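Engineer: Fold the stuff below for me.
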Amino acid sequence: MGLDRRSFISFVTGGVAGTLFTPVIWKGLDDVSIWSQNWPWIPTLTYGAEEKVPALCKLGSDAYGITVRKIAGNPVSAEGSDHPLSRGGICPLGAAAVQLLYSPSRAASPMKRTENGLVPISWDEGLALLAEKLKTSGKDTVLISGDDTGSATEVLAGLVRGLGSDKTFLMPGDGSVAVKAVQEVFGATAQVGYDLENASHALILGADAMTSWGTAVANARALAGGGAVYAGPTQNGTSAVADTWVPCKAGQEGALALCIAAVLLESGAVRTDFLGFSEYRNFVLTNYAPRKAPELTGVSEKVVRRLAADLARAARPVVVIGSGAGQGMGVFETAAGLSLNLLLGRVNTSGGMKLLPMAPTVVKGAPSSAELAGKDLVGYLAGVQSGKESAPAVVLAYEANPAYALPQGAAKGLQKAGFLVSFSPFMDETAAMADLVLPAPYMLERLDDAYTPFGSARVSYTVAEPVLDPLKDCRSTPDVALALAGELGIDLGFSSFARVLKARAKSLGAKWSAAAGGSAWTSDKVAALSGLSLWNKRYRLAAPPENLTLVPVAQLKVGSARMATVPFATITIREDELLGKEFFVQMNGATARRHDLAENDLVTLKSAAGSCTARVNVFEGVMTDVVIAPLGFGHTAWDDFSKGKGENVYDLLGAASEPDTGASLFSTAQVSVTRA
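Structural biologist: Numbering: from 1, shown residues only. Presented below is the predicted three-dimensional model:
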């Protein structure tokens, strides 16, 4: 059987679309990796009764249900489930969920820093040390969480608020930026979702929705049948399945959205019944007239008009906007894409953009989820680094690796913390530099939950019971926080994390018995849009890039902001992506010739923030004057399968401020490239 264009591109970009629908490929990789690699830490198989139990995967951009297969009580593999956000699909990190239980990078016990480095201590000693620090840290306590769907973050945030601090931050992501865009530009408090399953036509701007952005597993199933157009600076897993790829300048997807909006406004076939429409219309037609599109976006006026016509003609169109890395976009940049759905009358409709209610707050004194989404971690830590913000006395990092996965200036700001505590199942870069490590159970070893991940078309709530007892000397982080709160005289309203989850389920109207049994609760409730205020102040987009632009992209087979490369995935990384310890960046032939470069050349990339070396992969699916760089390499911690492979592209990223909103922008970077 031959390969058509779409199948061929999908194959050479990693076969992402097909692998997400079935565990068969990943099960095959499991067998190959076990028998060909023969890693010494893989456990000996035992024989016994087989059972399948529900679990929750939160390793990538998503939070969805999986099924763990157990033999004689021991987990042996993970596969897709009937969860509404997976429905049989699984991502590369989810497929490795069981393997990671036995990773040599697991944090084995509590540790504290001494003059000899990190040394093991007892839990009693570790908790006493932390309680002592928190008694005096007060308003200078900071929480950084990498879990934006779970109630554990709310418990920890309640503890920090009880200490007198409002400095609770989520790791950066397009989901939080979308919440801020909806608040500031649309005048509503809601999170954003997309009903791709019921859309007849999807215009996807920048977001690699098929592979590593939003609810990627559900997106992949929804988009598999075609009907999508992808616009961005490079071909990726999403463009491979889309009907059309529209090359667009890096970071200018918002400008493209406004150029399309101008065409729709000219036609008059748009919704006009919202506050600020006249101001919005005048701004768009003045600054983003279709004739300006080539200069602003690299997209011809003809193509812009065609994209607008396709949206206007479609029965159920939807527009999705995001960044290739899933983070670093601006608030108004995001709102520019969202505004197309409003103009088309495609908000809170079948197949359109959904505005969903935020998770209700149940922990006493904790900040709301909307408040957490409004905090800018990158801006805060960059301020600490520059001296504009005072250095925190204590930083608590939960399920987050800010020492690795933040732009350089922000990551350096973390180093100024007086006392750093890591609550992580793994010895990642943040744990390696921490003053105190209090290991959290791995996701299959703990009680956990997830409320409506970013991009989901429906409200959902999922609870996951432990699949097995912890294999390491670790404790439930939210239960640790509740105990500390009690010792410090802070009333959070609960004595255990299980009671928090029961209260969460009750607040949503979900039955605890069903939720605890692995059945996801769903609702079609949407957030009200009373008093629309799309345009109540003047906004501007950042200027388009002038020189060589680096675009970081996320690939789950390489890892995520939370996870390093898993052994399963090493055999899927091609030799033109990583060769030995050197990683590759992509540019097209014209860009390579302009800089006197050729395939496989070793180059130095320099930005205002830092530099790194890489090999050149010439790929014609990249726009001219763009360099595509994969995130996920360059680890200095974790294990031998990920440590020392390539370089960390975050070191090239420096956060600028979006005009008017002040949001931290780091979805691109201006770089120079020279032969090394």
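Engineer: Now residue 382: closest residue in space, sequence neighbours ignored.
Structural biologist: Take residue 382 and drop its neighbours on the chain: the residue closest to it by Cβ to Cβ, 6 or more residues apart in numbering is residue 409, 4.5 Å away. Every C-beta, even on glycine, is put in place using the N, C-alpha and C of the backbone.
Engineer: nope, residue 553 is what I meant
Structural biologist: Going by Cβ to Cβ, 6+ apart, residue 553 has residue 324 as its nearest residue, at 4.3 Å.
Engineer: contacting residues around the one you found?
Structural biologist: Applying Cβ atoms under 8 Å, 6 or more residues apart in numbering to residue 324 gives the contacts 206-208, 213, 232-234, 236, 551-554, 667.
Engineer: got the buried residues for stretch 612-624?
Structural biologist: For stretch 612-624, the neighbour count (16 or more other Cβ atoms under 10 Å) marks 612, 614-619, 621-623 as buried.
Engineer: buried sites along stretch 72-82?
Structural biologist: 74-81.
Engineer: between the residues you listed, which is nearest residue 241?
Structural biologist: Taking Cβ to Cβ as the measure, residue 241 lies nearest residue 80 of the buried residues of stretch 72-82, at 18.3 Å.
Engineer: ok, the residue nearest to residue 418 when sequence neighbours are not counted - how many residues close by?
Structural biologist: Leaving aside its chain neighbours, residue 418 sits nearest to residue 393 (4.5 Å; criterion: Cβ to Cβ, 6+ apart). By other Cβ atoms under 10 Å, 18 other residues sit near residue 393.
Engineer: just to revisit the earlier point, pLDDT, distance to residue 307 and secondary structure for the buried residues of stretch 72-82 - can I get that in JSON lines?
Structural biologist: Shown next, in JSON lines, are the buried residues of stretch 72-82 (pLDDT from 0 to 100; distance: Cβ to Cβ, whole Å; DSSP: H, G, I helix; E, B strand; the rest coil):
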{"residue": "74", "pLDDT": "92", "distance to residue 307": "52", "secondary structure": "strand"}
{"residue": "75", "pLDDT": "95", "distance to residue 307": "47", "secondary structure": "strand"}
{"residue": "76", "pLDDT": "93", "distance to residue 307": "48", "secondary structure": "strand"}
{"residue": "77", "pLDDT": "94", "distance to residue 307": "43", "secondary structure": "strand"}
{"residue": "78", "pLDDT": "95", "distance to residue 307": "39", "secondary structure": "strand"}
{"residue": "79", "pLDDT": "95", "distance to residue 307": "38", "secondary structure": "strand"}
{"residue": "80", "pLDDT": "93", "distance to residue 307": "34", "secondary structure": "strand"}
{"residue": "81", "pLDDT": "94", "distance to residue 307": "37", "secondary structure": "coil"}
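Engineer: As a markdown table, these with distance to residue 370 would be great.
Structural biologist: Output for the buried residues of stretch 72-82, formatted as a markdown table (distance: Cβ to Cβ, whole Å):
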| residue | distance to residue 370 |
| --- | --- |
| 74 | 42 |
| 75 | 36 |
| 76 | 41 |
| 77 | 38 |
| 78 | 33 |
| 79 | 35 |
| 80 | 32 |
| 81 | 30 |
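Engineer: Which pair in those residues has the greatest spatial separation?
Structural biologist: Among the buried residues of stretch 72-82, 74 and 80 lie farthest apart (Cβ to Cβ), at 20.4 Å.
Engineer: ok now do the closest residue to residue 529 other than its chain neighbours, which residues does it touch?
Structural biologist: Excluding its sequence neighbours, the residue lying closest to residue 529 (Cβ to Cβ, 6+ apart) is residue 188, at 5.6 Å. Residues near residue 188 by Cβ under 8 Å, 6+ apart: 182, 355, 527-529, 532.
Engineer: And residue 307, which helix or strand is it part of?
Structural biologist: If you go by DSSP states H and E, residue 307 is part of helix 301-313.
Engineer: Return the list of helices and strands in contact with that helix.
Structural biologist: strand 201-205, strand 228-232, helix 253-267, helix 293-297, strand 317-321 (3 or more Cβ pairs under 8 Å, 6 or more residues apart in numbering; DSSP states H and E).
Engineer: Could you dump the ones you listed into a markdown table with mean pLDDT added?
Structural biologist: Below are those laid out as a markdown table (pLDDT from 0 to 100):
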| stretch | mean pLDDT |
| --- | --- |
| strand 201-205 | 98 |
| strand 228-232 | 97 |
| helix 253-267 | 96 |
| helix 293-297 | 96 |
| strand 317-321 | 98 |
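Engineer: Can you add distance to residue 440 and mean neighbour count and give those back as TSV?
Structural biologist: Listed next are the helices and strands packed on helix 301-313 as TSV, based on distance: least, Cβ to Cβ, whole Å; neighbours: other Cβ atoms under 10 Å:
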stretch	distance to residue 440	mean neighbour count
strand 201-205	34	26
strand 228-232	35	26
helix 253-267	36	25
helix 293-297	43	20
strand 317-321	33	27
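Engineer: Between these, which one is closest to residue 152.
Structural biologist: strand 317-321 (28.7 Å).
Engineer: Could you tell me which other helices and strands the closest one packs against?
Structural biologist: Strand 317-321 is packed against strand 201-205, helix 253-267, helix 301-313, helix 331-343, with contacts defined by 3+ Cβ pairs under 8 Å, 6+ apart.
Engineer: mind checking which of these is nearest residue 113?
Structural biologist: Nearest of the helices and strands packed on strand 317-321 (Cβ to Cβ): helix 331-343, 37.8 Å.
Engineer: Stretch 467-487: how far from the chain's middle?
Structural biologist: With Cα atoms, centre = their mean, to the nearest Å as the basis, stretch 467-487 stands 25 Å off its chain's centre.
Engineer: Need the distance between the two termini of that stretch.
Structural biologist: The first residue of stretch 467-487 is 30 Å away from its last residue (Cα to Cα, to the nearest Å).
Engineer: Next, the buried residues of that stretch.
Structural biologist: Buried, per 16+ other Cβ under 10 Å, within stretch 467-487: 467-468, 470-471, 474-485.
Engineer: now do stretch 336-346
Structural biologist: Neighbour counts over stretch 336-346 (16+ other Cβ under 10 Å) mark 336-344, 346 as buried.
Engineer: got it, and stretch 596-613?
Structural biologist: 597, 601, 603, 605-607, 609-610, 612.
Engineer: Make a markdown table from those residues and add distance to residue 170 to it.
Structural biologist: Shown next, in a markdown table, are the buried residues of stretch 596-613 (distance: Cβ to Cβ, whole Å):
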| residue | distance to residue 170 |
| --- | --- |
| 597 | 39 |
| 601 | 39 |
| 603 | 34 |
| 605 | 29 |
| 606 | 30 |
| 607 | 25 |
| 609 | 22 |
| 610 | 24 |
| 612 | 27 |
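Engineer: Of the buried residues of stretch 72-82, which is the nearest to residue 440?
Structural biologist: Lowest distance from residue 440 to the buried residues of stretch 72-82 (Cβ to Cβ) belongs to residue 75, with 17.9 Å.
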